[in-house]
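Undergrad: Requesting a structural model of the entry that follows:
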Amino acid sequence: MVSAQGRRGGGNADPFQGFISADEREELLQAVVLTDTFETRFEPFTLEKPRCLLPLANTLLIDHTLEFLLNAGIEEVFIYTHADCDLVENHLDASKWKSSLSPFKKFKILKTTATSVGDVMRDLHGKHLIAGDFLLVSGDVVSNMPVEEVWAQHRARRIADKNAIMTMILREAGPSHRTKASPTSPVFIIDPTKDRCLHYEEIRRSQTGPKSSYVSIDPDLVKSFPEIDIRNDLIDCGIDICTPEVLGLWADSFDYQSPRKHFLYGVLKDYELNGKTIHTHIVKDHYAARVRNLKAYDSVSRDYISRWVYPLCSDANLFTGDSYRLRRGNVYQEEGVVLSRSAIIKQRTIIGTGTNIGEGTYITDSVIGRRCRIGNNVILDGAYIWDDVVIGDGTEIRHAIVANGVVIGSKCRVEPGVLLSYGVKLGDEVSIPRSMRITKLQQDEARTTSELLGKDCEGYEFVHEYEDEEESDDELAMSGLLYNMAELALSDASISTLASELSEDEYAMSRQRADSFGTSVSDDEERDHFHHDAVVSIVDSLKEGLSADVVQLELVGLRMSANASEHQVRRAVVTAFMKHAQRQLEEGVSAGEAIKQLLTKYKEMLARIVFDRETDEKPDQVDLLLLFQQDLVERSKGGTILLFVAKELYDLEIVEDEAFEQWWDNERSTATEALKKVRQQTQPFIDWMMTEESDEEESDEESGEEEEEDDDDESE
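TA: Got it, this is the predicted structure:
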């Protein structure tokens, strides 16, 4: 990570003053941020503020994006905003980004009357501001990914081939990952030998059945490349490294409006004509996501609270005035919060300064903004409450978003999926049905407010009008409703890409739950939340070098609060240990040394998660070995690491000989070719161990025979 101090460039002094050579200019890392998405998915909020000024975890999205660029080493930033909206400029003018101590060498706001991303790119081409390669990013990106490595790969590729004009940054996830729960599923066809994208297509689907389940691939493509990957498990992060030629292609094609559906698809289709290639970089070990819809808003918020974007997290207090402290269960509380003695604050919750929470109030999995007044006996479950909100006594809000300045009366019920926009006022004992959107801005055919919102109300029902096919009724049903988040998450293989995959049995179980509308999602979510919280806690503790007792104590607390099973605990420990080991390998430590240091220091912790030492069958120890094996399937040098893991577990007497034999003979250990492959290097160790055991048995038998002969001699 490049330090902010090392990149400071004297505020907003113009680096174009004086002569700067083309080579020097190209070395400066530039980024273009698109603050306007030209979409309506966040209406009615975006009727009053652009999406980039909406808060996520009490920090505006544009600030999340700029913090990512800062940590990524970007030196010059160009912000594109709509000419009719001064809100973005006003916020940035008052921020650290444009202060005299700005961490960027150049920070310029560009205004445009564009109506699409294509218009913005053509406008940028005409301004001649871009001298070399640049990062193109949306103003709703949340990421902790360093870009130095991918930037170097991009430049090396471009030096070798001047037609390599762009690198897309994609994030690996399962096809049912919760941040992919959208009616449009992108499919990337990639040449894995060169990371080159050969074809791009979007599959449309609906809740009642697929609208399009097929990808059209040119037969010549299959014939021309001996190996291709068809990937529908990738999340488009909205981050591209572009050469200036990209702007030229946008300028040459006025029909291009969308970055993927038009530009990417068109350039790939016209390869024979223009010869330009677009490549991919797939992120596996860092976090990157766009808050492209309400579903993603919830998903990214939960990942952020669960520390998957570390070191970008609330308690890092990156912005002026932040004063968060992390408490047990990923609860973040700022200074100046007034919390009643009988209030209950459960896991994965953020509370901003100046907020007052009344007696008997219950809050879980929620984000509470600053200066809010929450009454007595209120229930907030999965709620997003922005700044300066007032909530009356006895009100329940579940899986809904409440914007700044909203006033909600007593004994109200706000159902899942509800959006209450800025300044809305609800009377007492009002029930807002699922998915309803309320705004103070009156539409032509808005429903009467008093019958809907109660007496002394302020607000109107908002009827969402979709502007394109991506924002159809499927968008409303699948990504526009917060209450569907939990239902859709039932089929997720993981909460975050950084989490390890579920076992086959667990995955099958989650699919069965997803098929039943009558099944509660709470157990499923708690299981996943425990895994992620436990892994984050252990990884952080290992990084800090804490003792095994301290790590174990925190793990026990998490297990008790989630009522996690022994298998879940073992899975979390294995995942965290292997993540830590992988990080050490990347830092240059040998696999043998990394595993030896890790398992030796924390052997007592491993010993406490197996309970079958006194039995002939060793299900716990076998489960532990299977979890290590399953985790290492997807890791670099997984086979080598597994060998050293097995050796250390044997030397430390954590896993017994019988358990190794039972693991090796277990059909789950050879269920797939990948599982067979990752354990190949461990075969000689298993053979040696079995030979040693056989020799010991023979030695024992011989000793027994000699003792019998001695007894016979003595009797004679």
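Undergrad: shouldn't Ile344 be in contact with Tyr362?
TA: Yes - counting by Cβ atoms under 8 Å, Tyr362 is a contact partner of Ile344 at 4.8 Å. Just so you know, the C-beta spots here come from the backbone N, C-alpha and C atoms, and that holds for glycine as well.
Undergrad: what's the burial count for Arg51?
TA: 22 (other Cβ atoms under 10 Å).
Undergrad: what's the answer for the one 10 residues further on, then?
TA: By the other Cβ under 10 Å criterion, the neighbourhood of Leu61 contains 24 residues.
Undergrad: measure it to His91 for me?
TA: Computed as Cβ to Cβ, to the nearest Å, the Leu61 to His91 distance reads 11 Å.
Undergrad: can you check Asp616 too?
TA: For Asp616, the distance to His91 (Cβ to Cβ) stands at 67 Å.
Undergrad: With neighbour numbers in mind, choose between these two.
TA: Taking neighbours as other Cβ under 10 Å, Asp616 and His91 compare with His91 leading, 18 against 7.
Undergrad: correct me, but the more buried one touches Leu66?
TA: No - His91 is beyond contact range of Leu66, at 10.8 Å (criterion: Cβ under 8 Å).
Undergrad: re the thing from before, quickly list what's touching both of Leu61 and His91.
TA: Leu53 (Cβ atoms under 8 Å, 6 or more residues apart in numbering).
Undergrad: Spatially nearest residue to Leu625 (excluding sequence neighbours)?
TA: Closest residue in space to Leu625, ignoring its immediate chain neighbours: Trp663 at 4.2 Å, by Cβ to Cβ, 6 or more residues apart in numbering.
Undergrad: Before we go further, the one you found is sitting in a strand, right?
TA: No - assigned with DSSP: H, G, I helix; E, B strand; the rest coil, Trp663 falls outside any strand and is helix.
Undergrad: Now do the helices in the stretch 151-300 of the chain.
TA: 219-224, 244-252, 265-269, 271-274, 294-305 (DSSP state H, counting those that start in this stretch).
Undergrad: List of residues touching the shortest one?
TA: What it means is helix 271-274. Contacts for helix 271-274 (Cβ under 8 Å, 6+ apart): 249, 267, 277.
Undergrad: Most neighbours among those residues, please name it.
TA: That'd be Val267 among the contacts of helix 271-274, by other Cβ under 10 Å, with 23 neighbours.
Undergrad: which one is it nearest to, not counting chain neighbours?
TA: Lys276 (5.6 Å).
Undergrad: contacting residues around that neighbour?
TA: Counting by Cβ under 8 Å, 6+ apart, Lys276 has contacts 163, 165, 245, 249, 267.
Undergrad: Below-threshold pLDDT in the chain: ranges please.
TA: The chain contains residues with pLDDT under 70 at 1-27, 83-84, 174-184, 204-214, 444-451, 464-528, 692-716.
Undergrad: Break it down into its structural domains.
TA: Domains of the chain are assigned by automatic domain parsing as 4-295, 323-461, 499-696.
Undergrad: what's the residue nearest to Leu625 in contact with, if anything?
TA: By Cβ under 8 Å, 6+ apart, the neighbours of Trp663 are 621-622, 625-626, 669.
Undergrad: how about 6 Å then?
TA: By Cβ atoms under 6 Å, 6 or more residues apart in numbering, the contact set of Trp663 is 622, 625, 669.
Undergrad: and if you look at Ile189?
TA: 198-199, 228, 230.
Undergrad: again, 10 Å this time
TA: Counting by Cβ atoms under 10 Å, 6 or more residues apart in numbering, Ile189 touches 196-201, 215, 217-218, 221-222, 225, 228-232, 268.
Undergrad: Same question for His279.
TA: Contacts of His279 (Cβ under 10 Å, 6+ apart): 150, 153-154, 157-158, 161, 164-168, 190-191, 194-197, 241.
Undergrad: before we move on, back to that, give me the subset of the contacts of Trp663 lying in helices.
TA: 622, 625 (DSSP state H).
Undergrad: Which of the contacts of Trp663 sits closest to Met121?
TA: Distance to Met121, by Cβ to Cβ, is smallest for Ser669 among these, at 51.9 Å.
Undergrad: Near that closest one, how many other residues are there?
TA: As a burial measure, Ser669 scores 19 neighbours (other Cβ under 10 Å).
Undergrad: didn't it look like it was pressed against Leu625?
TA: Yes - under the criterion of Cβ atoms under 10 Å, Ser669 lies in contact with Leu625, with a separation of 7.9 Å.
Undergrad: Find the residues that touch each one of the two.
TA: The contact lists of Ser669 and Leu625 share 662-663, 679, where a contact means Cβ under 10 Å, 6+ apart.
Undergrad: now those residues in a markdown table, with distance to Asp388?
TA: Below are the shared contacts of Ser669 and Leu625 laid out as a markdown table (distance: Cβ to Cβ, whole Å):
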| residue | distance to Asp388 |
| --- | --- |
| Gln662 | 61 |
| Trp663 | 58 |
| Arg679 | 58 |
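Undergrad: So which of these is the closest to Val33?
TA: Nearest to Val33 among the shared contacts of Ser669 and Leu625, with distances taken as Cβ to Cβ, is Arg679, at 46.7 Å.
Undergrad: what residues are up against that closest one?
TA: Counted by Cβ under 10 Å, 6+ apart, Arg679 has contacts 625, 628-629, 632-633, 638-639, 642-643, 646, 663-664, 669-670, 686.
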